[in-house]
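[1] sharing a model that was predicted from the sequence below.
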Amino acid sequence: MDKDEKREYFLSVYRHSLAHVMAKAVMEIFGKENVQITIGPQIADGAYYDFELPRTVTQDDFKAIEDKMREIIKRREDWTRKEVTRAEALEIFKDQRFKVELINDLPEDETITVYYTGDDFVDLCRGPHISNSQELMNVAFQIRSASGAYWRGDEKRDMLQRIYMYAFPSKDELKAHLNLIREAMERDHKKLGKEQELFMFDETAPGMPYWLPRGFKLYNALLTFWRELHEEYGYQEILAPVINHRTLWETSGHWGHYKENMFLVTNAFTDEESGKEKIETDIKYAIKPMNCPNAINVYKNTMHSYKELPLRFSETQVIHRREKSGELNGLFRVQMFHQDDDHTFLMEDQIESEIADIMDIAEKIYGTFGLTYVAELSTRPEDFMGAPELWDEAEASLKRILDKKYGEGNYEINEGDGAFYGPKIDLKMKDCIGREWQMGTIQLDFQLPLNFDLRYIAPDGTQKRPVMIHRAIFGSFERFIGIIIENFKGAFPFWASPYQVGIVPIRPEHNEYAKKVEKALRAAGIRVEADYSDENMKTKIKGFKKYKEPYILVLGDKEAEEETVSVNVRGNKQMNGVPLSDFIDLCVKMNRERTLEIIDSIE
């Protein structure tokens, strides 16, 4: 076990032990007879415990819980592990109904263990744990939050209260983590999205974002970039229906493997006898959760020759997936989104070169945003579709590709996490505060071409079956935009900014020149907005700064006379007396080159 592994091991033991201390503290504060305890695992930055309590825990309770935990730790109590029979466990926890349920759900041959903290608190747990509370004396912790959580994640079960805490080996590490959390809160895309009027949500469409005018300009800037790049690589964009008959989803396997995550379409009708409205029980249609079956329909529209392959059908149409309400999270977890999908049909001997091209596209897209990524191979899941030998062949192909690109063993393997129809390469990247995101995916599929009996004319005139690649780079526009909002803290690169230039005429008599400047910028493809209101100059500038626009042009007598612009550059630097034509050339250059940095001088 190396140094990092030892650290993670001890962190997991300490954090899990602290969860028990928290449970004991809560029971002492609220009274043992008033508290039902459930589970309390360690997590990446601490631990949590779920309770049923007589009242709602608020932020006012946090200090009392922390103080009680420190009091318990100072008691230096021994921790005792004990193996018990099922009957003994049921007796120990006879007043704790959630623990009783867990015990009854254990396999018959399961070794049941409990841990005593002192003599007055016991928890059902596999461990391991510390041997004495004094081991936690120097561990730094802080109650983070309290929220609702369904028992066993089932929204039909009891609503519990989940108390989270941060826990680190030292006060300095806890302090550094809290600083990181504060930075993350300042970057929160939900907060910035509201402040900059990018998107909104409404209770009539939970988890389905509305793109506001500014946000839609950002969305379209990314879409234009995506389209231009894919045009270079020979992709053809298609548009397909949002609703399809269930027979399509049955053939693709989604009806059998993914139905619970699909929005199903039911028809209402008026019963002739009763006159009452009824709902059809025979569901015939579903809103698409994925684009692949429709891309297959496009491929099947005509017989193709090997000379046409690879055929790359890309699509950015909206798709819908049902998510549990508690899992929705701004743009990161939604029920309606736009996936930058492609489905490529090709011959087996084209697989490696095609995936190499996809990797090139991914590097160009992520690199444009200053993001890096790592590859992860996900293999056959338990709920897989098709013949095992086809899976073996597909996994072997992807391994050869990754070995060639990164070197054998220089990528991660995620056993059992492939799609139900094929293995995949996931592209994972880290943002500016170190969070990892699964973004792009490249899925090799021998199964759906078989299900849909896809063919192409081979060089010898026979009909052969193509291979299919499913791939996305952004993953979804919504989630990717949420990530870059936070990554750039709302201060986007020039080329992606909703509006790139704000225009401030100092007084009404400068409006005429301002309109000339606005027209010239628009003609050059620059997204520009001007404030012709009667507000004073400082108020207008402040309004544009709220939206973190890259450039704000302040126009007065001198600028109108000399046909120049005075520029407030985002970040408070200024460029004065810049010829209008030079400024336009600068903007065009940054749009063309899609630079990350805002240029703040004219050479």
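    That came through, no problem.

[2] and Asp445, what is it in contact with?
    Residues in contact with Asp445, defined by CB atoms under 8 Å, 6 or more residues apart in numbering, are Cys292, Ala394, Ala419, Tyr421, Gly422, Val467, Met468, Ile469, His470. The way it works is simple: take the backbone N, C-alpha and C, and place the C-beta from them, glycine included.

[3] what is the burial count for the fourth one?
    To tie it back to what came earlier, the one meant is Tyr421. Close neighbours of Tyr421, defined as other CB atoms under 10 Å, add up to 27.

[4] distance from the longest helix along the chain to the middle of the chain?
    Secondary structure assigned by DSSP state H gives helix 3-30 as the longest helix of the chain. A distance of 28 Å separates the centroid of the chain from that of helix 3-30, by CA atoms, centre = their mean, to the nearest Å.

[5] buried stuff in that helix?
    Of the residues in helix 3-30, those scored as buried under the neighbour-count criterion (16 or more other CB atoms under 10 Å) are 11, 13-30.

[6] ok, stretch 439-456 next?
    With the criterion 16+ other CB under 10 Å, stretch 439-456 contains buried residues 439-452, 454-456.

[7] the helix or strand containing Asn568 packs against which elements?
    Assignment of secondary structure by DSSP states H and E places Asn568 within strand 564-569. Contacting strand 564-569 under the criterion 3 or more CB pairs under 8 Å, 6 or more residues apart in numbering; DSSP states H and E are the following elements: strand 551-555, helix 557-562, strand 573-579, helix 580-593.

[8] mind redoing it with 6 Å?
    Other helices and strands packing on strand 564-569, by 3 or more CB pairs under 6 Å, 6 or more residues apart in numbering; DSSP states H and E, are strand 551-555, strand 573-579.

[9] least reliable of these going by mean pLDDT?
    Confidence, taken as mean pLDDT, is least for strand 573-579 of these (a mean of 94).

[10] same for it, what does it pack against?
    On the basis of 3+ CB pairs under 6 Å, 6+ apart, strand 573-579 makes packing contacts with strand 564-569.

[11] for the residue nearest to Lys288 when sequence neighbours are not counted, give its distance to Leu136.
    In space, and not counting its chain neighbours, Lys288 is closest to Ile319: 5.5 Å by CB to CB, 6 or more residues apart in numbering. Using CB to CB, to the nearest Å, one gets 48 Å for the distance from Ile319 to Leu136.

[12] just the mean pLDDT for stretch 442-460, thanks.
    Across stretch 442-460, pLDDT averages out at 92.

[13] ends of it, how far apart?
    Counting by CA to CA, to the nearest Å, you get 30 Å between the two ends of stretch 442-460.

[14] from the chain's centre, how far out does that stretch sit?
    With CA atoms, centre = their mean as the basis, the distance from the averaged C-alpha position of stretch 442-460 to the chain average is 31 Å.

[15] okay, now Leu371: neighbour count?
    The burial count assigned to Leu371 is 20, neighbours taken as other CB under 10 Å.

[16] mind checking how far stretch 43-59 is from the chain centre?
    Using CA atoms, centre = their mean, we find the averaged C-alpha position of stretch 43-59 to lie 25 Å away from the chain's own average C-alpha position.

[17] one more: stretch 296-313?
    On CA atoms, centre = their mean, the centre of stretch 296-313 falls 32 Å from that of its chain.

[18] next: stretch 62-78.
    Distance of stretch 62-78 from the chain centroid (CA atoms, centre = their mean) equals 37 Å.

[19] residues contacting it, please?
    The list of residues contacting stretch 62-78 from outside it, by CB atoms under 6 Å, 6 or more residues apart in numbering, reads Val21, Lys24, Ala25, Glu28, Ile29, Thr117, Gly118, Asn132, Ser133, Gln134, Leu136, Ile143.

[20] hmm, who's touching the helix or strand harbouring Ile401?
    In the assignment (DSSP H and E), Ile401 maps to helix 388-406. For helix 388-406, the surrounding residues in contact (CB under 6 Å, 6+ apart) are 351-352, 355, 375, 377, 379-380, 411, 422-423, 425, 444, 446.
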